[in-house]
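In: could you look at this predicted model? Sequence included:
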Amino acid sequence: MTTASPEARPAGGEAGAPAPVLAVEGLEVRYGRGRRGRSALRGVSLSVAPGETVGVIGETGSGKSTLARAVLGLVRASAGSIRVGGEEVTGYGNRRWRALRRRGIVQYVFQDPLRSLDPDLTIEDSLSEPLLIQGVERTEAVERARAFLDRVHLSAELLGRLPGELSGGQRQRVAVARALVTEPALVILDEPVSALDSANRVQVLEILKELRAAGTSLVFISHDLGSIAGTADRIAVLYRGELVEVGSARDVINHPRHVYTRLLVGSAPTLHARTADRSEREALRARLAG
Ligand SMILES: Nc1ncnc2c1ncn2[C@@H]1O[C@H](COP(=O)(O)OP(=O)(O)OP(=O)(O)O)[C@@H](O)[C@H]1O
């Protein structure tokens, strides 16, 4: 990270500190080639310790989904390195990435649960599939999958249904359960609550807090600081492809350092931090544009 402040917690790997489940160093991602190519991420460095929830916040186009896709092997890094669960994965080709995903070490939840769920598989099949792929025997896979329904506050009655027969909120909770069944070291959540109405949003955020309390490492990506503020241990602020600030959630919200972070915090009326009035926000926008 070239312009960011130092991270609030050690990245791990030093004597006594646990090795991070995710370590991204100097990550660059470009889309397209040559003159027509454009840079989506520049010099991004971020680590996630075991059991830690890191929120990544940024406006549309700042590179949040690109970061998620790079960590899942869905787009390639042009420079820098990515280590997942201690494994250097940067140079992996499609086959090795597929194998890594199959091992269930890193899982994901996207904004649209229909992208995370096969529309033709019943909920029971969707939940047991990741375990079957790992070679778990069917009866045990189904039993383990059912056990995860409780974790996401869903009733077993839904197991025989297809994703299209559930509400948006129920579908997203199934997507979260599917991401958890392999007990991954890391779950990447890309705008997991953005498509939900406020009641479902609150429920899914509660579930994420419970996962955090249970020690699952999460990267929670959102454009909404209000959603991230109560869930993340640390917050990383992405602005135009660069991480401009990383710190404890409390520090970032109460003492934002970068102008963009101050604008974000000042525009979030649900936070307890002082919101900026209109003229202050305009002054901050002018400084960003300048
Ligand atoms: N497949 C692609 N080809 C070319 N450019 C892309 C591609 N995907 C994203 N980009 C560009 O990369 C930049 C970062 O996009 P990205 O989707 O990561 O942003 P984001 O922060 O997730 O935005 P949003 O909140 O709108 O989803 C944007 O300028 C976008 O136009």
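Out: Noted; the coordinates are in hand.

In: quick one, phi psi at Ser45?
Out: phi -130, psi 130 (degrees, to the nearest 10).

In: and Asn200, by the same measure?
Out: Per-residue torsions, Asn200: phi -70, psi -30 (degrees, to the nearest 10).

In: count of neighbours near it?
Out: Neighbours of Asn200 under the rule other C-beta atoms under 10 Å: 18. To be clear about C-beta, it is placed using only N, CA and C from the backbone, and glycine gets the same treatment.

In: what's near enough to touch the closest residue in space to it that isn't next to it in sequence?
Out: The shortest distance from Asn200 to any non-neighbouring residue, by C-beta to C-beta, 6 or more residues apart in numbering, is to Gly169 (2.9 Å). Taking C-beta atoms under 8 Å, 6 or more residues apart in numbering, we find Gly169 in contact with 196-197, 199-200, 203-204.

In: helix or strand for Gly169, which one?
Out: Assigned by DSSP states H and E, Gly169 falls within helix 168-180.

In: for the next helix or strand after that helix, packing partners?
Out: Going down the chain from helix 168-180, the next helix or strand is strand 186-190, by DSSP H and E. Counting contacts by 3 or more C-beta pairs under 8 Å, 6 or more residues apart in numbering; DSSP states H and E, strand 186-190 packs against helix 64-71, strand 106-109, helix 168-180, strand 217-222.

In: quick one: closest of those to Ser279.
Out: Closest to Ser279 of these, according to C-beta to C-beta: strand 217-222, at 27.2 Å.

In: given the closest one, what are its sheet partners and their directions?
Out: strand 53-57 (parallel), strand 186-190 (parallel) (DSSP bridges).

In: relative to helix 64-71, how tilted is that strand?
Out: 150 degrees (axes from the mean of the first three to the mean of the last three C-alpha atoms, to 10 degrees).
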